[in-house]
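In: Just need the structure, nothing else, for what follows:
(2 chains)
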There are 2 protein chains.
Amino acid sequence: MTDAGAHEARYRAAAIDLLAVLAYGELSAFQRLAADSAMAPTIDDAAALAAMASAEHRHFTRLRDRLVELGADPEEAIRPFVDAIDGFHLHTAPSDWLESLVKAYVGDGIGTDFYREIAVVLQPADRALVTDVCEDLGQSAFVVTTVREAIAADPAVAGRLALWGRRLVGEALSQAQRVAAERDALTEFLVSSGDTTSIDLAEIARMFNRLTENHTRRMQSLGLAS
Amino acid sequence: MTDAGAHEARYRAAAIDLLAVLAYGELSAFQRLAADSAMAPTIDDAAALAAMASAEHRHFTRLRDRLVELGADPEEAIRPFVDAIDGFHLHTAPSDWLESLVKAYVGDGIGTDFYREIAVVLQPADRALVTDVCEDLGQSAFVVTTVREAIAADPAVAGRLALWGRRLVGEALSQAQRVAAERDALTEFLVSSGDTTSIDLAEIARMFNRLTENHTRRMQSLGLAS
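Out: Numbering: from 1, shown residues only, chains lettered A, B, ... in the order given. Next up is the predicted model:
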């Protein structure tokens, strides 16, 4: 295999990994948000969460179609990431409506920030696809309003939700580390693919700073200590 | 109020009831199917159930929009039906993937048959909307294939699923009776609206026959005794 051919093969493997983990993330988010919408206090609230869930399902479909275009079997491509993402949801099952809203905003927020960050290693069309499916689905406005109102009505809620936000980040990081440890090829491609778009270690440190800053900003916008 | 005005007001109240119960049925079906898709053995199976769920969400949105057009508050219009539909799902929570498939096909089937039957009292545009959102979403082909394969692999499954199918119908009938008893105006409009489209008691008997026949046919297509 030529050098260019080897690089192309490594790119394809890394792109499939990235799109696959994101695809399963979207499918799981769809399942959880849809189920959580049954906890909504009103039909309007349920409809708002259900609309977010449906958007996640459309994202999943686009990512799965792209995996097929790349010649991957979505089933096989996704399998390595199922335990990590299922584990995240198993450890962060919301116990009420407000926890499900904070999860939809803070949990999905740190996830989509992360995917957008690492999408810089992808070629333009795939990068655009990732950016697109990671766009805010209107969670911000709806969740921020509802959570702030709940805290205004009962300030004690803020302490519990702040703890919940920290737990979401802790679980997300722990599962991300698990994926990084298990998917050597992906991690290696990200940090040392050798072309101009690869992420070096200093950039990884800056990336974690940005993720933390954005997370803090989201918690603040909810009126929660991070 | 003129006779025509009184009839129009009764029509509007009955149409809002019908569209509202169907809207909440679709929203609930969306929530349950999406959650059930997490029990799927493969990503392809999960994707198939998720696609059905998303279609139910689109139906919910169309029905809610029509309620708003009719000048109804969807929240208020839907409230009277929440307990009955939540009760149905509470008593028919699938314990595994096959039960969720049979519910998606047999349970939704008898529901959509019923809505289509009573939609004959609606004016053409509303009747078309109901017929449209009650269309088969591809459940038949997918569910029939999967359930028949499961029975071929383990014939003992058939007995358990046949019992499950009977329970689904029993719960659906019991909740439908509850709605009929509580919504006098709707029931009365259906059976005695006095115009050519009302349903007389003989017709109701024939309707129940048709519902039973269709149910039996669906159970048979799955390879199950009804």
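In: tally of neighbours for A:R218?
Out: Neighbours of A:R218 under the rule other Cβ atoms under 10 Å in any protein chain shown: 23. Every residue, glycine included, has its C-beta placed from N, CA and C.
In: now swap in A:I151 and tell me
Out: For A:I151, the count of nearby residues is 18 (other Cβ under 10 Å).
In: Helices of chain A, residue ranges please.
Out: Taking DSSP state H as the test, the helices found in chain A are A:3-36, A:43-69, A:74-91, A:97-102, A:108-118, A:124-133, A:139-153, A:157-182, A:184-192, A:201-222.
In: Contacts for the last one, please.
Out: This means helix A:201-222. With contact meaning Cβ atoms under 8 Å, 6 or more residues apart in numbering or on different chains, helix A:201-222 is reached by A:102, A:105-106, A:109-110, A:113-114, A:117, A:140, A:143-144, A:147-148, A:151, A:161-162, A:165, A:169, A:191, A:199, A:225-226.
In: same deal with the third one?
Out: Where contact means Cβ under 8 Å, 6+ apart, the residues beyond helix A:74-91 that reach it are A:16-17, A:19-21, A:23-25, A:28, A:32, A:64, A:67-68, A:167, A:171-172, A:175-176, A:178-179, A:182-183, B:42-44.
In: Provide a ChimeraX selection command restricted to the buried entries of the residues you listed.
Out: To isolate the buried ones among these in ChimeraX, judged by 16 or more other Cβ atoms under 10 Å in any protein chain shown, type:
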select /A:16,17,19,20,21,23,24,25,28,32,64,67,171,172,175,176,179,183 /B:43
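In: For chain A, what lies in contact range of chain B?
Out: Counting by Cβ under 8 Å from any Cβ of the partner chain, chain A comes close to chain B at A:24, A:27-28, A:30-31, A:34-35, A:37-38, A:42-44, A:46-47, A:50-51, A:53-54, A:57-58, A:60-61, A:64, A:74-75, A:78-79.
In: Just the buried ones from the residues you listed?
Out: Among those, those buried by neighbour count (16+ other Cβ under 10 Å) are A:24, A:27-28, A:30-31, A:34-35, A:37-38, A:43, A:46-47, A:50-51, A:53-54, A:57, A:60-61, A:64, A:74, A:78.
In: any weak-confidence spans in chain A?
Out: Within chain A, the stretches with pLDDT under 70 are A:1, A:192-198.
In: Grab the nearest non-local neighbour of the closest residue to chain B within chain A.
Out: Residue nearest to chain B within chain A: A:A34 (3.2 Å; Cβ to the nearest Cβ). The shortest distance from A:A34 to any non-neighbouring residue, by Cβ to Cβ, 6 or more residues apart in numbering or on different chains, is to B:A34 (3.2 Å).
In: Could you do A:R10 as well?
Out: A:F189 (5.6 Å).
In: can you check A:C134 too?
Out: Sequence neighbours aside, A:T112 is the residue nearest to A:C134 in space, at 3.8 Å (criterion: Cβ to Cβ, 6+ apart).
In: any idea how far A:Q139 is from that neighbour?
Out: As for A:T112, its distance to A:Q139 is 10 Å (criterion: Cβ to Cβ, to the nearest Å).
In: Centroid-nearest residue for chain A?
Out: Nearest to the geometric centre of chain A sits A:G111, at 2.6 Å (Cα atoms, centre = their mean).
In: contacting residues for A:L33?
Out: Here A:L33 is in contact with A:49-50, A:52-53, A:56, A:100, A:104 (Cβ under 8 Å, 6+ apart).
In: Of the residues you listed, select the buried ones using a ChimeraX command.
Out: Command for ChimeraX, covering only those of the contacts of A:L33 found buried under the criterion 16+ other Cβ under 10 Å:
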select /A:49,50,52,53,56,100,104
